[in-house]
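Trainee: Here is my input, please return the structure:
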Amino acid sequence: MTNGAPGRASGQPNRSRRGDSAELWAFPLRVWVIHWLLVQIPATYALRFGVPNSPSPPYSEMPPPLTGLAHWLVEPLRNWDGLWYRLIALEGYAGGTQSAKAAFWPLLPGIMRGGSELTGWTPESVGYLVANLAFLGALLILYRLILLDFGDAVLARRTLWALALFPTALFFSAVYTESLFLFLSVAALYLWRRDMFWLAGLVGVGAALSRSGGVFLILPFLALLWDRHRTDWRGYWPGIIPAFFPALGPALFGALLHQEQGNWRAFIDVQEQWNRYSALPWETLRCAMSTCHTLGGEPDGVSWGWLTTLVNDPSWATITSNDWRVSVANSDVLELAVTVLFLILALLGLKLLPLYQTVWVLPALIIPLLQPSEVHALMSMPRFVLVLFPLFIILARLLRPRALRIPWFIVSTTLLVLLSVQFALWYWVS
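Mentor: I've put the predicted structure just below:
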């Protein structure tokens, strides 16, 4: 058994209570529609009526505005990394061994380029469509995976809400890799749980081409094999072969970078260019709470100056001012709060999650703590945790009491709307 909990996933499929087939489709679709509206409407409204912060496009070159419907739907959600993916879709990775583009993995920009050539749409429009459809696919499969592992439809529904309404879930609708990676990783694990090992391994290659963390699908694949066969070593064959397929992701990306930049390890070397360095986890957490670096005059470490300003002048003029919104965006409060929350959820998961889900979660939490940024020690953590679906299962379990669930979803949804506005107007979110 896995971690001692009854009825959880092992390497063998077990029975789970399933809703009827209509519910398997209807509920995730409903969650997806509500999520999309909560992100898209505020983002489009902000583009129409808001005053943008100074943009930060790749190499300081802002692309031209989009036209037609894409202007209202896609443009407010293509900011930050979305423009890097656009640039790669248009130009590839050429640009020398110091090109910052090597930090962005190739599957999404490759799809954007191919889709643009087929349809005539802009690459970012294709990326927007891929992100939103991939999130729908992820919700559909995740619902089924939770039923398979836990046999609890109520838990599955609550998990989907917790994920879709999380404050930084806006990245599931933006031109980012979160949706695509979540879809491919959940699909790979679901396929493996259904004994479709070779197909799961191939899907795992796609996950490992969309984000570096995809290579760690090897760990849950092996955990599921161990859970089924234990010391029956003959039983590992031939499933042990596709279990290592995700390792092809970095290998293929390295080959692409060698061809275009002459440096197969550019995706490793580029981390220094993005101000990341090596540190022990407790050192990273210390730098998240107090200043360790001052890069470009902007110190890392949590700051409460925005709260002091609001207390001294709790007015509409304050909360809509550029200075206050920049102060909130750069305060690192969100990064620290989310990191602490998910570390707690991971500790609870050691007892409550199947083994394969535990080994999937831990590297994704630990590695960012080993590679902090000099700009924000916990930079992007509120975005990185979005794909750690097992921890949202733990969160959903904690939200079982109505007295906790209702306040959580009110606060979470409010923050999702506000952060969608911030993102659309070029304020840093994660």
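Trainee: can you pull out the strands in the stretch 251-400 of the chain?
Mentor: Using DSSP state E, counting those that start in this stretch, the strands of the stretch 251-400 of the chain run over 294-295, 298-299.
Trainee: Which one of those has the poorest average confidence?
Mentor: Among those, strand 298-299 carries the lowest mean pLDDT, a mean of 73.
Trainee: what pairs with that one, and is each one parallel or antiparallel?
Mentor: strand 294-295 (antiparallel) (DSSP bridges).
Trainee: what about the stretch 251-400 of the chain, any weak spots by pLDDT?
Mentor: Residues of the stretch 251-400 of the chain meeting the criterion pLDDT under 70: 296-297.
Trainee: re earlier: adding distance to residue 128 and mean neighbour count, write the strands of the stretch 251-400 of the chain out as CSV.
Mentor: Bear in mind the C-beta positions are built from the backbone N, C-alpha and C, glycine included. Converted to CSV, those look like this (distance: least, C-beta to C-beta, whole Å; neighbours: other C-beta atoms under 10 Å):
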stretch, distance to residue 128, mean neighbour count
strand 294-295, 31, 12
strand 298-299, 30, 15
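Trainee: Reformat these as a markdown table; add distance to residue 354.
Mentor: Formatted as a markdown table, the strands of the stretch 251-400 of the chain follow (distance: least, C-beta to C-beta, whole Å):
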| stretch | distance to residue 354 |
| --- | --- |
| strand 294-295 | 41 |
| strand 298-299 | 41 |
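Trainee: Show me which positions of the helix or strand hosting residue 145 end up buried.
Mentor: Residue 145 is located in helix 123-150, with elements delineated by DSSP states H and E. If you call a residue buried by 16 or more other C-beta atoms under 10 Å, then helix 123-150 has these buried ones: 123-132, 134-150.
Trainee: how many neighbours does the closest residue to residue 428 other than its chain neighbours have?
Mentor: Leaving out its chain neighbours, the residue that sits closest to residue 428 by C-beta to C-beta, 6 or more residues apart in numbering is residue 329, at 4.2 Å. Other residues near residue 329 number 20, with proximity taken as other C-beta atoms under 10 Å.
Trainee: isn't residue 329 right up against residue 423?
Mentor: No - contact criterion C-beta atoms under 8 Å: residue 329 and residue 423 do not qualify, at 9.7 Å.
Trainee: shared neighbours of the two, which are they?
Mentor: residue 429 (C-beta atoms under 8 Å, 6 or more residues apart in numbering).
Trainee: Who are the packing partners of the one helix or strand residue 87 maps to?
Mentor: According to DSSP H and E, residue 87 maps onto helix 81-91. Applying 3 or more C-beta pairs under 8 Å, 6 or more residues apart in numbering; DSSP states H and E, one finds that helix 81-91 contacts helix 107-119, helix 123-150.
Trainee: and that helix, which residues are buried?
Mentor: Neighbour-count burial for helix 81-91, counted by 16+ other C-beta under 10 Å, picks out 81-89.
Trainee: between these, which is nearest residue 45?
Mentor: Using C-beta to C-beta, residue 82 is the member of those that lies nearest residue 45, at 18.7 Å.
Trainee: show me the contacts for residue 55.
Mentor: 62, 79, 426.
Trainee: Is the last one in a helix, a strand, or coil?
Mentor: The three-state label for residue 426, taken from DSSP: H, G, I helix; E, B strand; the rest coil, comes out as coil.
Trainee: Just want the angle from the strand or helix carrying residue 209 to helix 107-119.
Mentor: Per DSSP H and E: residue 209 is located in helix 197-210. Helix 197-210 and helix 107-119 are oriented at 90 degrees to each other (axes from the mean of the first three to the mean of the last three C-alpha atoms, to 10 degrees).
Trainee: For helix 197-210, buried residues please.
Mentor: Result for helix 197-210 [16+ other C-beta under 10 Å]: buried residues 197, 200-210.
Trainee: quick one: low-confidence parts of the stretch 51-200 of the chain?
Mentor: 96-98.
Trainee: make it 90
Mentor: Residue ranges of the stretch 51-200 of the chain with pLDDT under 90: 59, 94-99.
Trainee: just to revisit the earlier point, export the contacts of residue 55 as JSON lines, with columns for neighbour count and distance to residue 51.
Mentor: As requested, the contacts of residue 55 are arranged in JSON lines below (neighbours: other C-beta atoms under 10 Å; distance: C-beta to C-beta, whole Å):
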{"residue": "62", "neighbour count": "10", "distance to residue 51": "16"}
{"residue": "79", "neighbour count": "24", "distance to residue 51": "15"}
{"residue": "426", "neighbour count": "19", "distance to residue 51": "10"}
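Trainee: which of these lies closest to residue 353?
Mentor: residue 79 (34.2 Å).
Trainee: show me the contacts for the closest residue to that closest one other than its chain neighbours.
Mentor: Residue nearest to residue 79 in three dimensions, not counting chain neighbours: residue 426, with 5.8 Å by C-beta to C-beta, 6+ apart. The contact partners of residue 426, by C-beta under 8 Å, 6+ apart, come to 52-56, 79-80.
Trainee: Most neighbours among those, please name it.
Mentor: Most surrounded of the contacts of residue 426: other C-beta under 10 Å gives residue 79, at 24 neighbours.
Trainee: which residues make contact with the helix holding residue 209 from outside it?
Mentor: With C-beta under 8 Å, 6+ apart, helix 197-210 has contacts from 105-108, 177, 180-181, 184-185, 187-189, 191-192, 214-215, 217-218, 221, 238-239, 241-250, 252-253.
Trainee: which of those count as buried?
Mentor: Here the buried ones among these, as counted with 16+ other C-beta under 10 Å, turn out to be 105-108, 177, 180-181, 184-185, 187-189, 191-192, 214-215, 217-218, 221, 239, 242-243, 245-250, 253.
Trainee: Count residues in the vicinity of residue 293, would you?
Mentor: So residue 293, with other C-beta under 10 Å, has 17 neighbours.
Trainee: My guess is it contacts residue 300. True?
Mentor: Yes - using C-beta under 8 Å, residue 293 is in contact with residue 300, at 5.2 Å.
Trainee: list residues touching both of those two?
Mentor: In contact with both residue 293 and residue 300: 287, 374-375, using C-beta under 8 Å, 6+ apart.
Trainee: contacting residues for residue 124?
Mentor: Counting by C-beta under 8 Å, 6+ apart, residue 124 makes contact with 66, 70, 74, 78, 82-83, 85-86, 112, 175.
Trainee: now with 7 Å?
Mentor: 74, 78, 82, 86, 175 (C-beta atoms under 7 Å, 6 or more residues apart in numbering).
Trainee: contacting residues for the residue lying closest to it once chain neighbours are set aside?
Mentor: In this structure, residue 124 finds its nearest non-sequential neighbour in residue 78, 4.3 Å apart by C-beta to C-beta, 6+ apart. Residues in contact with residue 78, defined by C-beta under 7 Å, 6+ apart, are 86, 124, 128, 175.
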